[in-house]
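task: produce atomic coordinates for the following.
(one chain, ligands or ions: 1)
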Amino acid sequence: MIKFGCVKSPNIYLDNNSTTPMDERVLESMLPFFRYNFGNSASNHHFGKTIKKEVENAREKIGEIIGSSPNEIILTSGATESINLALKGLAFNSGEKRHIITVQTEHKAVLDSCKYLQTIGFEIDYLGVDSLGMIDLSYLKSIIRDDTLVVSVMCANNETGVIQNIKEIGEIVRNSNALFMSDATQAIGKLKINAEENFIDIMCYSAHKFYGPKGIGALYLNRSRINKNMLTPQIHGGGHENGLRSGTSNVPLIIGFAKACEISNLEFPQNQDEIIIMRDYLESELLKIKGVQINGSKIYRLNNTTNISFENIDANVLIGQLNSISISNGSACNSSVFEPSHVLMAMGISKERAYGSVRFSLGKFNSMDEIEISLKMIHKILNNTYHA
Ligand code: PLP
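Next comes the predicted model:
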């Protein structure tokens, strides 16, 4: 059962790439900032100055997780906003540079921002991936042009967990006139990633993917490569966040974000060791079922994720029947119309297999008991419904 510190749920949560339960210590760190320390960090009096100090300490910790300095961190409402600010902010100020490169398997926050930029005259190249979900680096190199503004490649995919070769991509882009942006939303808290060591110029991440609160994220802008005048703000107002993101700072969430970063920095190796044991066991047991296949690279992959396709099974039916066990099909659903996952389709997986695919994403609050219960439940459903 889910261990939320003192709060227990009878349900099993295996959808940690979607969001994570908040660590109790994160919640505790936030409470005083709801109760007593309510000042506005932009106010020039005792309450304001005290809070400003807290926000700046938090910014330091939020930057530390990717090896950056606090003045390289813009606080936003989450990765979606960071991505929008980065891509549109750069594009609105890009002069002659009107070409962007990204990947077909990116999150919709990147794909839809690019789609929008296309409508106002930008040319976008959407790189394909191979059957394992990896991009071709020599092809990437061949299509970077003098007028390429930014190359945007995510660190780790939210549906398959596939990890791209970020350092090599970073090196390729650093040797061009373009900037390198990486959506690290799924990577932070699961991988150790230093922005500068990987030649990343722009990075986006979000607290709720690693046991922090929802509604708070960061945009990293490499100070030596980007100055604030290169970005047009998307939210105008009081000039907060170095003029790039106006709006009163959401102090409790910022404090919680910093606490999640601090805990992750200290505890992440051990958590990862435990998570991979559970994921590998779950996967090896599921692979014993006839027709089950893993989607994406097994080598370059997050420790917590397995995307699995069942033969002749509708993932939505399985998810519905699992009821008290939460997993995801990773596919976008638009009211009553279910589309197969764009990530799996880009990998060349058939529609049938994509419709039978589910994502298990584990977290530090899961236990081996929960994996055993989930496996039993899946076998029961398959036997009853499909006579597998
Ligand atoms: N990018 C990736 C890879 C994600 O998995 C997500 C969340 O699902 C996002 C961006 C958007 O993050 P947020 O919920 O913080 O806006």
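
CA atoms for contacts and neighbours, from now on please.
Will do.

hey, where'd the helices end up in this protein?
Assigned by DSSP state H, the helices in the chain fall at 24-35, 46-64, 79-91, 108-119, 137-143, 166-174, 251-286, 315-322, 342-346, 351-355, 368-381.

quick one: which of these is nearest Asn304?
helix 251-286 (5.9 Å; Cα to Cα).

and that closest one with the ligand, contact?
No - shown here: helix 251-286 not in contact with the ligand (Cα under 6 Å from any ligand atom), separated by at least 11.7 Å.

start at 42, not 1
Fine by me, first position is 42 from now on; the one you just mentioned is helix 292-327.

buried residues in that helix?
292-306, 309, 312-313, 315-317, 319-320, 323-324, 327 (16 or more other Cα atoms under 10 Å).

same thing with stretch 167-187?
167-170, 172-176, 181, 185.

which parts of the stretch 42-191 of the chain sit against the ligand?
Proximity of the stretch 42-191 of the chain to the ligand, by Cα under 6 Å from any ligand atom, involves residues 59, 119-121, 148, 150.

and the buried residues of stretch 167-187, which of them are in strands?
Under the assignment DSSP state E, the buried residues of stretch 167-187 contribute 167-168 to strands.

I'd like the buried residues of stretch 167-187 as a markdown table, with pLDDT appended.
Below are the buried residues of stretch 167-187 laid out as a markdown table (pLDDT from 0 to 100):
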| residue | pLDDT |
| --- | --- |
| Tyr167 | 98 |
| Leu168 | 98 |
| Gly169 | 98 |
| Val170 | 98 |
| Ser172 | 98 |
| Leu173 | 98 |
| Gly174 | 98 |
| Met175 | 98 |
| Ile176 | 98 |
| Leu181 | 98 |
| Ile185 | 98 |
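
between the buried residues of stretch 167-187, which is nearest the ligand?
In terms of Cα to the nearest ligand atom, no member of those lies closer to the ligand than Gly174, at 14.0 Å.

so what's that closest one up against?
By Cα atoms under 8 Å, 6 or more residues apart in numbering, Gly174 lies in contact with 146, 203, 337-338, 387-388.

out of these, who's nearest Gly371?
For the contacts of Gly174, the nearest to Gly371 is Thr146 (12.0 Å; Cα to Cα).

shaky segments in the protein?
For the chain, the stretches with pLDDT under 70 are 42-50, 372-378, 427-429.

show me it divided up by domain.
Following the assignment in automatic domain parsing, the chain carries domains at 53-62+308-427, 65-302.

for the closest residue to the ligand within the stretch 292-429 of the chain, give me its contacts.
Nearest residue of the stretch 292-429 of the chain to the ligand, counting by Cα to the nearest ligand atom: Gly371, 9.9 Å away. By Cα under 8 Å, 6+ apart, Gly371 lies in contact with 200, 382, 399-400.

among these, name the ones in strands.
Filtering these for strands - DSSP E - leaves 399-400.

could you work out the most separated pair of the contacts of Gly371?
Farthest pair in the contacts of Gly371 (Cα to Cα) is Ser382 and Arg400. Separation: 11.1 Å.

neighbour-wise, which of those two wins?
Using other Cα atoms under 10 Å as the criterion, Ser382 and Arg400 rank with Arg400 on top: 27 against 20.

okay, now the residue nearest to that one when sequence neighbours are not counted: neighbour count?
Distances taken as Cα to Cα, 6 or more residues apart in numbering place Asn348 nearest to Arg400, at 4.3 Å, with adjacent residues excluded. For Asn348, the tally of surrounding residues (other Cα under 10 Å) stands at 23.
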